[in-house]
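Student: kindly generate the corresponding structure for this input.
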Amino acid sequence: MSLQNQNVLLGVTGGIAAYKTPDLVRKLTAQGANVRVVLSASAQAFVSELSLQAVSGNPVSCHLLDPAAEAGMGHIEFARWADLILVAPATAHCMAKLAHGMADDLLTTLVLASPAPLFIAPAMNQQMWAAPATQANLGLLQARDIGILGPAAGEQACGDIGYGRMLETHEIAEALVALHQPTKSARSAVDEKTLPLAGQQVLITAGPTREAIDPVRYISNHSSGKMGYALAIQAQNLGAQVTLVSGPVALPEPLHVNTIQVSSALEMHQAVFAHVAAADIFIACAAVADYRLADIQTQKIKKSADEMTLSLIKNPDILADVAALPDGPFTVGFAAETQDLEYYAKDKLQRKGLNMIAANDVSNQDIGFNQADNALTVFSADAKIALPKQDKLALAEQLLKIVAKNVSANSL
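Tutor: Now for the predicted structure:
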């Protein structure tokens, strides 16, 4: 599986990710491709013609009407030459022009003039990616069977975190190999490597639950939902179809994820069991309240006595109930502990019949609740893997790759 002897036309537009394109050319040529590069006017501010010419071995083109090109019409020459066209990075402006058939420079003109398959790797600020206009343009491009590679989620050059990062250069090259192969078996092998959760239905819970006391008060906990949302984002990046059941959090809903908002533990239990039958993997990351009020007051409780006693009853155990299903999904629990982490995590793993559990020490103020970073120790029946402190998006990716490997092993 490669791009051996394929003519790949790489269009580079003016995003900060353009600095990665010399390495992208190297990755494409390593797959056997013949690469020629077209730079937009704004891309020249981020990457030089000389560097791209050096790595591709071919002259770089920038102008629509080039006296050195065939009959002065470079777009016709390129259109006839290309076996596939890749635009990376593809800015929001470029996507808009492609979606509406504009042809005001060499790159957009040759796209219209070529019958070659077109792939784009979007790269932009997360808010620009989420903007209704960009999403509408994305829909138009998808409707025309244009290959959309990414974007990924993570920290961006502007400091924002979210969708909009261009895929890594090796991911783009590997995706092109996968998508440009005529056989299903070839694509499946690459998907398994680059998208280890491809074809998997993943159900995730995140955030806290709120157990009402009266119309204005509730019992809850310190969970921010960041770890669960990171898992949902990365599961989608790794190829899964993701359903996220979320308690109340102050986080934007992840793009391309089916997010279901709930409040109480009973509501979360109901939402999980409405979707668990379709799930291949269930990850219980939510900090679900163990108890709820036996009697919720319909009116606000007035302050009167110096003491007040609340009667609590146990909530259903969502994780244990899923793990007990006869044909249930691969089940991953979380254990947030303040002491004897390994002992309590292994006990929970065995007692609830889980496939895997990820434990974290929430007594450490640098990780866990409301923090950007976390560290996990992952336990299964016969293994223990320590994942060191890092940002939750990176940690989520590592954990999901461990889960994918174990799911694959279990299916053999």
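Student: quick check: end-to-end length of stretch 336-354?
Tutor: Chord length of stretch 336-354, first to last residue, is 16 Å (C-alpha to C-alpha, to the nearest Å).
Student: buried by neighbour count: which residues of it qualify?
Tutor: Along stretch 336-354, these residues count as buried under the neighbour rule (16 or more other C-beta atoms under 10 Å): 336, 337, 341, 344, 345, 346, 348, 349, 352, 354. Glycine gets a C-beta too; all of them are placed from N, C-alpha and C.
Student: next one: stretch 17-36
Tutor: Within stretch 17-36, the residues that qualify as buried are 17-18, 20-22, 24-29, 31, 33-36, counting by 16+ other C-beta under 10 Å.
Student: same list (the buried residues of stretch 336-354) but as a markdown table, adding pLDDT, distance to residue 78 and secondary structure.
Tutor: Below are those laid out as a markdown table (pLDDT from 0 to 100; distance: C-beta to C-beta, whole Å; DSSP: H, G, I helix; E, B strand; the rest coil):
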| residue | pLDDT | distance to residue 78 | secondary structure |
| --- | --- | --- | --- |
| 336 | 84 | 56 | strand |
| 337 | 83 | 60 | strand |
| 341 | 88 | 59 | helix |
| 344 | 93 | 62 | helix |
| 345 | 93 | 58 | helix |
| 346 | 94 | 61 | helix |
| 348 | 94 | 60 | helix |
| 349 | 95 | 58 | helix |
| 352 | 95 | 59 | coil |
| 354 | 96 | 55 | coil |
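Student: of the residues you listed, just say which sits nearest to residue 319.
Tutor: residue 352 (5.9 Å; C-beta to C-beta).
Student: distance of the closest one relative to residue 322?
Tutor: Residue 352 sits 9 Å away from residue 322 when distances are taken as C-beta to C-beta, to the nearest Å.
Student: give me the phi and psi for residue 214.
Tutor: When quoted as degrees, to the nearest 10, the phi and psi of residue 214 stand at phi -150, psi -170.
Student: so who does the residue nearest to it when sequence neighbours are not counted touch?
Tutor: Residue nearest to residue 214 in three dimensions, not counting chain neighbours: residue 297, with 4.0 Å by C-beta to C-beta, 6 or more residues apart in numbering. Shown in contact with residue 297 (C-beta atoms under 8 Å, 6 or more residues apart in numbering): 213, 214, 215.
Student: does the nearest residue to residue 324 once chain neighbours are set aside count as helix, strand or coil?
Tutor: Once flanking residues are discounted, residue 324 sits nearest to residue 353: 6.6 Å by C-beta to C-beta, 6+ apart. When the structure is split into helix, strand and coil by DSSP: H, G, I helix; E, B strand; the rest coil, residue 353 lands in coil.
Student: tell me how far residue 353 lies from residue 322.
Tutor: Applying C-beta to C-beta, the value for residue 353 to residue 322 is 10 Å.
Student: and for those two, which residues touch both?
Tutor: Residues touching both residue 353 and residue 322 (C-beta under 8 Å, 6+ apart): residue 331.
Student: residue 312 contacts residue 296, correct?
Tutor: No - using C-beta atoms under 8 Å, residue 312 makes no contact with residue 296, being 11.3 Å away.
Student: all helices for the protein, in order.
Tutor: In the chain, the segments counted as helices under DSSP state H are 21-30, 49-56, 74-81, 92-99, 106-113, 126-130, 132-143, 169-179, 184-194, 226-237, 265-275, 318-323, 341-351, 392-411.
Student: report the angle between the fourth one and helix 106-113.
Tutor: If you take axes from the mean of the first three to the mean of the last three C-alpha atoms, to 10 degrees, helix 92-99 sits at 30 degrees to helix 106-113.
Student: for helix 92-99, give the mean pLDDT please.
Tutor: Helix 92-99 shows an average pLDDT of 93 in the prediction.
Student: buried residues, it. List them.
Tutor: Within helix 92-99, the residues that count as buried by 16+ other C-beta under 10 Å are 92, 93, 94, 95, 97, 98, 99.
Student: what number of residues lie near the closest residue to residue 23 other than its chain neighbours?
Tutor: Counting by C-beta to C-beta, 6+ apart, residue 169 is the residue found nearest to residue 23 once chain neighbours are left out, at 4.8 Å. The criterion is other C-beta atoms under 10 Å. On that basis, residue 169 has 20 neighbouring residues.
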